[in-house]
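Peer 1: coords below, sequence missing:
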């Protein structure tokens, strides 16, 4: 019971952190897209393709958790996929 509560608290905390970072990435991307031109178009195209890839990868991660008898880890593994991508985008969009 205690382990389950700790796992849920960590999942909540990780989701919250990823949500804040995702919000920053959205703002950075919108600024880049708003500038228009080739860079704005490229960012827009990249955003769409990354979302499709991330959804597929997260779904696969969750399905693998189920298939390996660890359904309690499905959400955290799917979240890890999104968090990794959000963090990578944040780093890319904030570098000089």
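Peer 2: Looks like it came in fine. Here the structure is a predicted model, which is why all the values come from computation and not from measurement.
Peer 1: only C-alpha atoms from now on, for both contacts and neighbour counts.
Peer 2: Noted.
Peer 1: top helix in the protein by residue count?
Peer 2: Of all segments of type helix in the chain, defined using DSSP state H, the longest is helix 2-34.
Peer 1: what's the average pLDDT for that one?
Peer 2: The average pLDDT within helix 2-34 is 94.
Peer 1: now for it, which elements pack on it?
Peer 2: helix 37-67, helix 74-94 (3 or more C-alpha pairs under 8 Å, 6 or more residues apart in numbering; DSSP states H and E).
Peer 1: okay, those, which one's buried deepest?
Peer 2: Burial of these is given as mean neighbour count (mean count of other C-alpha atoms under 10 Å); helix 74-94 ranks first at a mean of 17.
Peer 1: before we move on, the earlier item: just put the helices and strands packed on helix 2-34 in JSON lines and tack on distance to residue 4 and mean pLDDT.
Peer 2: Below are the helices and strands packed on helix 2-34 laid out as JSON lines (distance: least, C-alpha to C-alpha, whole Å; pLDDT from 0 to 100):
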{"stretch": "helix 37-67", "distance to residue 4": "16", "mean pLDDT": "96"}
{"stretch": "helix 74-94", "distance to residue 4": "13", "mean pLDDT": "96"}
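Peer 1: turn those helices into TSV, columns for distance to residue 20.
Peer 2: Below are the helices and strands packed on helix 2-34 laid out as TSV (distance: least, C-alpha to C-alpha, whole Å):
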stretch	distance to residue 20
helix 37-67	17
helix 74-94	10
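Peer 1: of all the ones you listed, which one is nearest residue 7?
Peer 2: When those are compared for distance to residue 7 using C-alpha to C-alpha, the nearest one is helix 74-94, at 9.0 Å.
Peer 1: mind giving me the packing neighbours of that closest one?
Peer 2: The contact analysis (3+ C-alpha pairs under 8 Å, 6+ apart) places helix 74-94 against helix 2-34, helix 37-67.
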